[in-house]
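Chemist: with the input below, show me the fold.
(one chain, ligands or ions: 1)
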Amino acid sequence: MELFELGLLTARDGDQVRGRELLGEAFKMESMAADSVAADHALEPTRSVLHRSAASIALKIGDIINAKRYTEAGLSGDPPEEIREELAKLREQISVLEAEVKDYRRRPPRGLTPVQQVIREFTSAAPVDIVGLAEALGISVREAKLNAEISGEIFPDLLKGGASGYSIRVNASHAFVRRRFTVAHELAHFLRHRNRIENRLVDDRMYRSRLGNTVEGEAQRLAADLLMPRELIRQFRARGIDSPEELATKFNVSLQAMRIRLGIKE
Ligand SMILES: [Zn+2]
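Modeler: Numbering: from 1, shown residues only. Got it, this is the predicted structure:
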């Protein structure tokens with residue numbers, strides 16, 4: 001695992017390209033080790049441990065095909081319970097990421113995609129667990145000391161990023177409901193504008209960024225959809241909970257955000 005750690009440290013010190021190369025080399029070594037015991041099903045836990053290492057390094061460098069291959073091969077043996085659980089978790093993360101990279105233009109999937117399923121699962125009760133949703137989609141979420149004029153940011157993060165390789169940092173000094181909105185907003189960028197994030201996408205206090213107003217408007221609308229699903233609002237109103245104040249409390253959002261959502265003019 002030394003190469004793996006060296007790769008992560010190199011990335012942390014600012015050289016993402018070299019860090020990625022080192023992780024690529026680490027993957028080669030781990031995959032060779034796993035291949036050498038692949039046929040030996042009696043060799044547990046070594047066999048599943050080596051497959052898990054190869055799979056998780058592959059996932060870290062975005063090699064979803066190999067991540068899947070080593071996860072499935074690991075599960076096909078007889079891993080101890082703990083390793084089996086880790087492999088099952090890897091498989092779940094892979095299925096979400098795989099859905100992200102597939103091209104559905106020719107043959108659209110029937111029903112919801114895995115990403116839509118995850119979103120639906122997390123947006124079916126209020127308040128929405130927005131951090132849980134981001135993490136389920138493979139993004140690491142952290143609070144950070146940021147300039148007071150910055151709401152948050154999203155960036156590819158080899159060192160600490162989740163399974164997707166991305167991290168979101170939110171301004172720790174902002175109010176709780178605002179931090180939740182920032183997570184939703186950055187998550188919206190991940191879902192809609194990932195190819196434009198590049199090295200880093202930073203949102204100021206007003207949720208403005210280098211991507212301009214049209215793109216920011218899209219992110220704001222999707223953030224509102226994630227935090228305040230219309231169907232859930234409808235259900236609360238049907239039960240007589242319909243003042244902006246009560247709904248803002250139920251959804252754990254600011255009164256201002258809920259008023260905008262309900263279409264109330266200032
Ligand atoms: Zn933004």
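
Chemist: following the chain onward from whichever helix or strand Glu30 is part of, which element is next?
Modeler: Taking DSSP states H and E as the definition, Glu30 sits inside helix 16-37. Proceeding N to C from helix 16-37, the next assigned helix or strand is helix 46-60, under DSSP H and E.

Chemist: related to what we said a few turns ago, chain center to the helix holding Glu30: distance?
Modeler: 23 Å (C-alpha atoms, centre = their mean, to the nearest Å).

Chemist: tally up the residues packed near Lys145, please.
Modeler: Lys145: 8 surrounding residues under other C-beta atoms under 10 Å. All C-beta atoms are positioned from the backbone trio N, CA, C, and that covers glycine.

Chemist: show me what contacts it?
Modeler: 172-173 (C-beta atoms under 8 Å, 6 or more residues apart in numbering).

Chemist: how much space separates it from the ion?
Modeler: Distance, Lys145 to the ion, using C-beta to the ion, to the nearest Å: 20 Å.

Chemist: quick check: bridge partners of the residue of the stretch 151-266 of the chain found nearest the ion?
Modeler: In the stretch 151-266 of the chain, no residue comes nearer to the ion than Asp203, which is 4.0 Å away by C-beta to the ion. Legend: beta-bridge partners of Asp203 under DSSP bridges are Gly152.

Chemist: what's the local residue count around it?
Modeler: Around Asp203 there are 23 residues (other C-beta under 10 Å).

Chemist: same question for the one 4 residues further on.
Modeler: Number of residues near Tyr207 (other C-beta under 10 Å) recorded here: 17.

Chemist: Lys265 now?
Modeler: For Lys265, using other C-beta under 10 Å, the count is 5.

Chemist: which pLDDT value goes with it?
Modeler: Turning to Lys265, the model gives it a pLDDT of 75.

Chemist: for it, helix, strand, or coil?
Modeler: coil (DSSP: H, G, I helix; E, B strand; the rest coil).

Chemist: re the thing from before, the residue of the stretch 151-266 of the chain closest to the ion touches Gly152, doesn't it?
Modeler: Yes. Proximity of Asp203 to Gly152 meets the contact threshold set by C-beta atoms under 8 Å, at 5.8 Å.

Chemist: common neighbours of the two, please.
Modeler: 182, 185-186.

Chemist: leaving out chain neighbours, which residue sits closest to Pro229?
Modeler: Thr123 (4.8 Å; C-beta to C-beta, 6 or more residues apart in numbering).

Chemist: again with Asp225
Modeler: Thr123 (8.0 Å).

Chemist: pretty sure that neighbour is touching Leu232, no?
Modeler: Yes. Counting by C-beta under 8 Å, Thr123 does reach Leu232; the two are 7.4 Å apart.

Chemist: am I right that Phe155 sits in a strand?
Modeler: Yes. Counting by three-state DSSP, Phe155 falls inside a strand.

Chemist: was I right about it contacting Asp203?
Modeler: No. Using C-beta under 8 Å as the test, Phe155 is too far from Asp203 to be in contact (11.8 Å).

Chemist: for Phe122, give me its contacts.
Modeler: Per C-beta under 8 Å, 6+ apart, neighbours of Phe122: 128-130, 132-133, 136.

Chemist: quick one: which of these has the most company?
Modeler: Ile130 (24 neighbours).

Chemist: so what's it up against?
Modeler: 122, 180, 183-184, 187, 226-227.

Chemist: which of those residues fall within helices?
Modeler: 122, 180, 183-184, 187, 226-227 (DSSP state H).

Chemist: any quick PyMOL command for the buried ones out of those?
Modeler: Per 16 or more other C-beta atoms under 10 Å, the buried members of the ones in helices among the contacts of Ile130 correspond to this PyMOL selection:
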select buried, resi 122+180+183+184+187+226+227
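
Chemist: now the two most distant members of the ones in helices among the contacts of Ile130.
Modeler: Across these, no pair lies farther apart than Phe122 and Arg180, at 12.8 Å, counting by C-beta to C-beta.
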